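>>> Quick check, what structure comes out for this input:
(one chain, ligands or ions: 2)
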Amino acid sequence: MSKKPVRVAVTGAAGQIGYALLFRIASGEMLGKDQPVILQLLEIPDEKAQKALKGVMMELEDCAFPLLAGMEAHSDAKAAFKDTDYALLVGARPRGPGMERADLLAANAQIFTAQGKALNESASRNVKVLVVGNPANTNAYIAMKSAPDLPRENFTAMLRLDHNRALSQIAAKTGKPVASIKKLCVWGNHSPTMYADYRFATIDGASVKDMINDHAWNKDVFLPTVGKRGAAIIEARGLSSAASAANAAIDHMRDWALGTNGEWVTMGVPSNGEYGIPKDVMFGYPVTCEGGKYKIVEGLPIDEFSQGCIDKTLAELLSEQDGVKHLL
Ligand SMILES: NC(=O)C1=CN([C@@H]2O[C@H](COP(=O)(O)OP(=O)(O)OC[C@H]3O[C@@H](n4cnc5c(N)ncnc54)[C@H](O)[C@@H]3O)[C@@H](O)[C@H]2O)C=CC1
Ligand SMILES: O=C([O-])CC(=O)C(=O)O
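Numbers count the residues shown, from 1 in each chain. Ligands and ions are numbered 1, 2, ... in the order given. Have a look, this model is predicted:
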């Protein structure tokens, strides 16, 4: 018997990430090739944006996806989130050349207070929320704090793009396939302060750290390359990452919903105090997923260099939180 459709809300649905994301959700790449979906799409109440959204929906229709069980266009968040099982909060202003993520904080924070409240009022009580819009960690924190009736662990931020970028850099450095790399993780904020950590990573059971054995490369090449990749893409394309961001969002939700078979992935999730991170800070951690739940990998040793990196990215997150406390 075929499965009952689930409801997937996507905000910023007519934007560039939306365009790279919706077709893959509708084709079953996110929730499985046997899972019908109903897309609940939100755009700003602006004639041009709503018209563009209609155009995207016409194209979705023209794909005749067998798993696409329904589609709705909305300009009101509460209506878009009605009974939704999954919410991908993409809609926000993206960064332009020369802008840092902190510049986006003020512009985007209000969107996430409003959307957190709307989720609180109308979404499924089991909704899984992924915040993509930047600054993603703090926006997810704002949405979580604005939705007191929903479980806090239902709110997550996207660090999967950083994780995937780190995987590709390590594959290139070691000359091994991406798929052979296990136990990589990224700590902290989705920003240049993130700490991509390959100390525990293995390839065919062998230690990646021993294989690379080059602290200067880690500090001076690897971490800046991964951390500043978003800016490098903006510099090259004149626009921020879109297809790779959509791909990371698919990876994040798929793994959360369908599980990781014991493998580590990185998710930004509210801390319960793990690794000394204050409660509720939306922090990138290594996690495993099973049965629709994620679990932070605990008990990893943190050396002095790593602690310094974690302290730095935490300090940035705390200052972002401080900058939005008047909204909460
Ligand atoms: N976490 C991550 O790894 C990444 C995050 N991003 C972020 O994702 C966000 C979206 O990027 P793009 O799709 O490239 O931007 P875009 O500008 O192409 O699209 C954003 C869309 O969101 C809509 N929007 C704005 N406010 C909205 C609201 N309150 N409700 C519903 N829709 C709204 C806009 O009308 C626009 O169509 C940006 O904040 C960007 O910085 C981008 C890449 C990676
Ligand atoms: O850098 C940006 O503004 C977009 C983004 O988050 C990324 O590509 O990592």
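
>>> Assign K48 to one of the three secondary structure states.
helix (DSSP: H, G, I helix; E, B strand; the rest coil).

>>> could I get stretch 194-206 in CSV with only the CA atoms?
What follows is stretch 194-206, C-alpha atoms only, in CSV (Å, rounded to 0.1, in the frame of the first residue of the first chain):
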residue,chain,number,x,y,z
MET,A,194,33.3,27.0,12.0
TYR,A,195,35.8,24.3,13.1
ALA,A,196,36.0,21.4,10.6
ASP,A,197,37.6,18.6,12.5
TYR,A,198,39.2,15.5,10.9
ARG,A,199,41.0,14.2,14.1
PHE,A,200,38.5,11.3,14.3
ALA,A,201,38.1,10.8,10.6
THR,A,202,39.0,7.5,9.0
ILE,A,203,39.4,6.2,5.4
ASP,A,204,39.2,2.4,5.1
GLY,A,205,39.8,2.3,8.9
ALA,A,206,43.0,4.3,8.8
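
>>> Would you mark the buried spots in that stretch?
Within stretch 194-206, the residues that count as buried by 16 or more other CB atoms under 10 Å are 194-203. (C-beta placed from N, C-alpha, C; glycine too.)

>>> got a markdown table for these, with secondary structure and pLDDT too?
Compiled in a markdown table, those are given as follows (DSSP: H, G, I helix; E, B strand; the rest coil; pLDDT from 0 to 100):
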| residue | secondary structure | pLDDT |
| --- | --- | --- |
| M194 | coil | 98 |
| Y195 | strand | 98 |
| A196 | strand | 98 |
| D197 | strand | 98 |
| Y198 | coil | 98 |
| R199 | coil | 98 |
| F200 | coil | 98 |
| A201 | coil | 98 |
| T202 | strand | 98 |
| I203 | strand | 98 |
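
>>> quick one: which of these is nearest to ligand 2?
M194 (9.4 Å; CB to the nearest ligand atom).

>>> Export only the CA atoms of stretch 125-137, formatted as PDB.
Coordinates of each C-alpha in stretch 125-137 appear next as PDB, following Å, rounded to 0.1, in the frame of the first residue of the first chain:
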ATOM      1  CA  ARG A 125       3.800  19.000  16.800                       C
ATOM      2  CA  ASN A 126       6.500  16.700  15.400                       C
ATOM      3  CA  VAL A 127       7.600  19.100  12.700                       C
ATOM      4  CA  LYS A 128      11.300  18.900  11.800                       C
ATOM      5  CA  VAL A 129      12.600  22.300  11.100                       C
ATOM      6  CA  LEU A 130      15.800  23.100   9.100                       C
ATOM      7  CA  VAL A 131      17.000  26.700   9.000                       C
ATOM      8  CA  VAL A 132      19.100  27.500   5.900                       C
ATOM      9  CA  GLY A 133      18.600  31.300   5.700                       C
ATOM     10  CA  ASN A 134      21.600  33.100   7.200                       C
ATOM     11  CA  PRO A 135      22.900  33.600   9.800                       C
ATOM     12  CA  ALA A 136      21.500  30.100  10.000                       C
ATOM     13  CA  ASN A 137      22.400  29.100  13.600                       C
END
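
>>> Return the distance of it from the chain's centre.
Averaging C-alpha positions (CA atoms, centre = their mean, to the nearest Å) puts stretch 125-137 7 Å from its chain's average.

>>> End to end on stretch 37-47, go ahead and measure it.
Chord length of stretch 37-47, first to last residue, is 26 Å (CA to CA, to the nearest Å).

>>> which residues touch stretch 193-205?
Residues from elsewhere that reach stretch 193-205, judged by CB atoms under 8 Å, 6 or more residues apart in numbering: 159, 162-163, 165-166, 170, 174, 176, 180-188, 207-209, 211-212, 218, 222-223, 226-227, 284, 286, 300, 303, 306, 309-310, 312-313, 316.

>>> what do you get for stretch 92-101?
The contact list for stretch 92-101 (CB under 8 Å, 6+ apart) reads 12, 15-16, 103-104, 107-108, 111-112, 133-135, 139, 190-191, 230, 234-235, 238-240.

>>> Could you report the neighbour count for the residue of the stretch 201-328 of the chain found nearest ligand 2?
Here the stretch 201-328 of the chain gets closest to ligand 2 at one residue, G230, 2.2 Å apart by CB to the nearest ligand atom. Residues contacting G230 under the criterion other CB atoms under 10 Å number 23.

>>> Is it correct that it falls within a strand?
No: assessed with three-state DSSP, G230 is helix; it does not lie in a strand.

>>> tally of neighbours for F65?
19.

>>> make that A172, sorry
11.

>>> and it, what pLDDT?
The score at A172 is 98. That number is its pLDDT.

>>> For G284, see how far away it is.
Per CB to CB, to the nearest Å, A172 is found 22 Å from G284.

>>> who's in contact with W217?
By CB under 8 Å, 6+ apart, the contact list for W217 reads K173.

>>> so which helix or strand takes in it?
Per DSSP states H and E: W217 is located in helix 215-217.

>>> on contacts alone, who are the packing partners of the following helix or strand past that helix?
Toward the C-terminus, helix 215-217 is succeeded by helix 223-227 as the next helix or strand (DSSP H and E). Helix 223-227 sits against helix 160-174, strand 195-197, with contacts defined as 3 or more CB pairs under 8 Å, 6 or more residues apart in numbering; DSSP states H and E.
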